[in-house]
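Student: generate a structure from the sequence data that follows.
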Amino acid sequence: MPPKLSSCPLQLPSITAFAPKITQTPLNYCVPHSCLHLKRPSCRIVCASSRPKRKSSSKAENRSDAEELVRVLLRNFDDKRPLVSILNKYVKLIRTEHCFLLFEELGKSDKWLQCLEVFRWMQKQRWYVADNGVYSKLISVMGKKGQTRMAMWLFTEMRNSGCRPDTSVYNALITAHLHSRDKVKALSKALGYFDKMKGMERCKPNIVTYNILLRASAQARNIDRVDALFKDLDQSIVTADIFTFNGIMDAYGKNGMIREMEAVLSRMKSNQCKPDVITFNLLIDAYGRKQEFEKMEQVFRSLMHSKQKPTLPTFNSMITNYGKARRREKAEYIFKKMIDMGYTPSFITYECMILMYGFCDCILRARDTFDGIVASGKEVKVSTLNAMLDVYCMNGLPMEADKLFESACKARVSRDSSTYKLLYKAYTKANMKELLQKLLMHMDKDGIIPNKRFFLDALGALGSSSTGPKSPCAQNGLTRLKDTATI
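Tutor: A predicted model of the protein is given here:
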């Protein structure tokens, strides 16, 4: 018999009415030409165009064509063929929209230096016009990659080029600062920009500005700052939206601040802001993290009875949190329910199942799930391989992890620095010197160059283990650290 979810009522006024009535109103109102009683002029000058009229889908087609060209550009450049040479080859086709897409794709793959190459190349083209949008996009990319100084340089470069900063540029700059490691200093800097924006007419804070700062303050556990920003928001002409409340609740939830999260939920309802599926998902995840499963199940039932529908992240979160609490049967029940409702599991869902079995000491079931993914013929993601390796490592099976890693190398399954970091921590903690040496050889072969943080994280894992700080693996790591001190 599959286990039944708890039926205990949740005594929260903010969750009891989670089935909003949504009335759809048309967004665009079109007035027929016949209803416009305009007096015709006696003379008319008509400018006829010989060009064919664009189809309504031309905008989507143009974006599709732009995306295809960007894919061609990205496929063609490598170490032997620099990106600039590829751009020069397609110079007659490339315009600003293509460069925007390039910034996005290069940013996703940590190639932020190439973003700057594209930007410098853009500036040399006849069609280039200095634009806030270009700088805002680049500042955003640099911020996400932790390149705060580069983001500041771009901001200065923008002003030197004659562009006047606007709200979107300042929003990008604030976000860039908030990605830095020193969160307290970053938040202080961001609030300084916020105060500066309020004194400039074309840079007045908008709802995006408030959302960024409210979420950052909640992440920093600064409740007083959240309340102050809400008060400032209420006094402004800007109105809070669903993203405002979701961002704060998500930050509080991930910090385990359930009472504060529920207070924001009550504020959201008092503002007549109706919850969406993201609201449900972040509540489910927050309660699951704290192992308050009765509340989590109550929110899930409310979601099922609302006009919203669960999404894959809904089920993934429940599976993961049940797994961490070693409630295998409940996690399997949720997975079965998802299938019965017609959902197709994603690779992330299978990774959640693998880790769930790992938490529950069901190593064989985890491996069967992993082998099923391999047998399906689909590409094995780096994160999927990492999930199975993590299961072996968390259960004290470094030899099994090594066998899987070696077979993955032979099968040319993708690995990245996170794979090596995971194994380095595990081998160091287990004091497996031979496996560690072999792993370092693989890193050299794959061109993975560890930096100081790589080894410090691994030695941090060692510090919490029983091997002690004078482990041979630790000494090996320190030696390697000295060799790479200039990196």
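Student: which pLDDT value belongs to Tyr29?
Tutor: Note on Tyr29: pLDDT of 38.
Student: burial count for the residue nearest to Ala331 when sequence neighbours are not counted?
Tutor: Distance criterion C-beta to C-beta, 6 or more residues apart in numbering; nearest residue to Ala331, sequence neighbours excluded, is Tyr322 at 3.9 Å. For every residue, glycine as well, the C-beta is placed using N, CA and C. Applying other C-beta atoms under 10 Å, we find 26 residues neighbouring Tyr322.
Student: packing partners for the helix or strand hosting Tyr322?
Tutor: Tyr322 belongs to helix 312-324 when assigned by DSSP states H and E. Helix 312-324 sits against helix 277-289, helix 293-305, helix 328-340, helix 347-359, with contacts defined as 3 or more C-beta pairs under 8 Å, 6 or more residues apart in numbering; DSSP states H and E.
Student: let's see it at 6 Å
Tutor: helix 277-289, helix 328-340, helix 347-359 (3 or more C-beta pairs under 6 Å, 6 or more residues apart in numbering; DSSP states H and E).
Student: picking up where we left off before, hang on, isn't the residue nearest to Ala331 packed against Glu332?
Tutor: No: using C-beta atoms under 6 Å, Tyr322 is not in contact with Glu332; the gap is 8.8 Å.
Student: which parts of the helix or strand harbouring Ala387 are buried?
Tutor: With elements taken from DSSP H and E, the one containing Ala387 is helix 382-394. Residues of helix 382-394 classed as buried by neighbour count (16 or more other C-beta atoms under 10 Å): Thr384, Leu385, Asn386, Ala387, Met388, Leu389, Asp390, Val391, Tyr392, Cys393.
Student: do the same with stretch 284-303
Tutor: Those would be 284-289, 293, 295-300, 302-303, for stretch 284-303 by 16+ other C-beta under 10 Å.
Student: hmm, which two among those residues are most spread apart?
Tutor: Arg289 and Ser302 (18.5 Å; C-beta to C-beta).
Student: what does stretch 114-124 contact?
Tutor: Stretch 114-124 is contacted from outside by Leu83, Val84, Leu87, Cys99, Leu102, Phe103, Leu106, Tyr128, Val141, using C-beta atoms under 6 Å, 6 or more residues apart in numbering.
Student: by neighbours, which of the residues you listed wins?
Tutor: Result: Leu102 is most packed of these (other C-beta under 10 Å), 26 neighbours.
Student: about what we covered before: other SSEs contacting the helix holding Ala387?
Tutor: Partner elements for helix 382-394 (3+ C-beta pairs under 6 Å, 6+ apart): helix 347-359, helix 398-410, helix 417-429.
Student: in CSV, list the C-alpha atoms belonging to the helix holding Tyr322.
Tutor: Taking Å, rounded to 0.1, in the frame of the first residue of the first chain, the C-alpha atoms of helix 312-324 are listed here in CSV:
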residue,chain,number,x,y,z
LEU,A,312,8.5,19.2,-12.2
PRO,A,313,10.4,21.4,-9.5
THR,A,314,7.4,20.7,-7.2
PHE,A,315,8.0,16.9,-7.3
ASN,A,316,11.8,17.2,-7.4
SER,A,317,11.8,19.3,-4.2
MET,A,318,9.5,16.8,-2.4
ILE,A,319,11.5,13.8,-3.5
THR,A,320,14.8,15.4,-2.4
ASN,A,321,13.5,16.5,1.0
TYR,A,322,11.9,13.2,1.8
GLY,A,323,15.2,11.6,0.8
LYS,A,324,17.2,13.7,3.2
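Student: for the nearest residue to Tyr287 once chain neighbours are set aside, give me its contacts.
Tutor: With sequence-adjacent residues excluded and distances taken as C-beta to C-beta, 6+ apart, Tyr287 is closest to Met296, at 3.8 Å. The neighbours of Met296, taking C-beta under 6 Å, 6+ apart as the test, are Ile284, Tyr287, Gly288.
Student: hang on, the first one packs against Val299?
Tutor: Read that as Ile284. Yes: using C-beta under 6 Å, Ile284 and Val299 qualify as a contacting pair, with a distance of 5.3 Å.
Student: name the nearest residue to Lys89, sequence neighbours excluded.
Tutor: That would be Asn76: by C-beta to C-beta, 6+ apart, it lies 7.9 Å from Lys89.
Student: was I right to think that neighbour contacts Asn88?
Tutor: No: using C-beta under 6 Å as the test, Asn76 is too far from Asn88 to be in contact (11.7 Å).
Student: quick one on the thing from earlier: return the subset of the contacts of stretch 114-124 lying in helices.
Tutor: Judged by DSSP state H, these include Leu83, Val84, Leu87, Cys99, Leu102, Phe103, Leu106, Val141 as members of helices.
Student: what is the nearest of these to Arg326?
Tutor: Within the ones in helices among the contacts of stretch 114-124, the smallest distance to Arg326 is 41.0 Å, found for Val141 (C-beta to C-beta).
Student: so how many other residues sit close to the closest residue to that closest one other than its chain neighbours?
Tutor: When the adjacent residues along the chain are set aside, Val141 lies closest to Gly107, with 3.9 Å between them (C-beta to C-beta, 6+ apart). Look at Gly107: counted by other C-beta under 10 Å, it has 20 neighbours.
Student: same check, this time on Arg225
Tutor: 17.
Student: what sits against it?
Tutor: For Arg225, the contacting residues are Ser217, by C-beta under 6 Å, 6+ apart.
Student: nearest residue to His442 other than its sequence neighbours?
Tutor: In space, and not counting its chain neighbours, His442 is closest to Cys409: 6.8 Å by C-beta to C-beta, 6+ apart.
Student: I misspoke; the intended subject was Pro165.
Tutor: Cys203 (6.1 Å).
Student: can you report phi and psi for the one you found?
Tutor: phi -130, psi 20 (degrees, to the nearest 10).
Student: so it sits against Met197, correct?
Tutor: Yes: the pair Cys203 / Met197 is scored as a contact, 4.6 Å apart, by C-beta under 6 Å.
Student: helix/strand/coil for Arg415?
Tutor: Secondary structure for Arg415, judged by DSSP: H, G, I helix; E, B strand; the rest coil, is coil.
Student: tell me, how many residues neighbour it?
Tutor: The burial count for Arg415: 20, using other C-beta under 10 Å.
Student: hmm, back to that, kindly calculate the angle that the helix holding Ala387 makes with helix 398-410.
Tutor: 160 degrees (axes from the mean of the first three to the mean of the last three C-alpha atoms, to 10 degrees).
Student: contacts for helix 382-394, please.
Tutor: 347, 351, 354-355, 358, 366, 370, 400-401, 408, 413-414, 416, 419, 422, 426.
Student: hmm, try it at 7 Å
Tutor: By C-beta atoms under 7 Å, 6 or more residues apart in numbering, the residues outside helix 382-394 that reach it are 347, 350-351, 354-355, 357-358, 363, 366-367, 370, 373, 400-401, 404-405, 408, 413-416, 418-419, 422-423, 426.
Student: and these, which are buried?
Tutor: Using 16+ other C-beta under 10 Å as the burial test, those include 350-351, 354-355, 357-358, 363, 366-367, 370, 373, 400-401, 404-405, 408, 413, 415, 419, 422-423, 426 as buried.
Student: if we can go back for a sec, any idea how far the residue nearest to Ala331 is from Asp131?
Tutor: Using C-beta to C-beta, to the nearest Å, Tyr322 is found at 49 Å from Asp131.
Student: can I get stretch 374-390 in PDB, CA atoms only?
Tutor: This file holds the C-alpha atoms of stretch 374-390, laid out as PDB (Å, rounded to 0.1, in the frame of the first residue of the first chain):
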ATOM      1  CA  VAL A 374      22.800   5.300 -19.500                       C
ATOM      2  CA  ALA A 375      20.800   2.500 -21.200                       C
ATOM      3  CA  SER A 376      18.200   5.000 -22.500                       C
ATOM      4  CA  GLY A 377      20.800   6.300 -25.000                       C
ATOM      5  CA  LYS A 378      20.400   9.900 -23.800                       C
ATOM      6  CA  GLU A 379      23.400  12.000 -23.100                       C
ATOM      7  CA  VAL A 380      24.600  11.600 -19.500                       C
ATOM      8  CA  LYS A 381      24.900  15.000 -18.000                       C
ATOM      9  CA  VAL A 382      27.800  16.000 -15.800                       C
ATOM     10  CA  SER A 383      25.400  16.600 -12.900                       C
ATOM     11  CA  THR A 384      24.000  13.100 -13.300                       C
ATOM     12  CA  LEU A 385      27.400  11.500 -13.100                       C
ATOM     13  CA  ASN A 386      28.200  13.700 -10.100                       C
ATOM     14  CA  ALA A 387      25.000  12.600  -8.400                       C
ATOM     15  CA  MET A 388      26.000   8.900  -8.600                       C
ATOM     16  CA  LEU A 389      29.600   9.600  -7.600                       C
ATOM     17  CA  ASP A 390      28.300  11.600  -4.600                       C
END
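Student: no further queries at this time; thank you.
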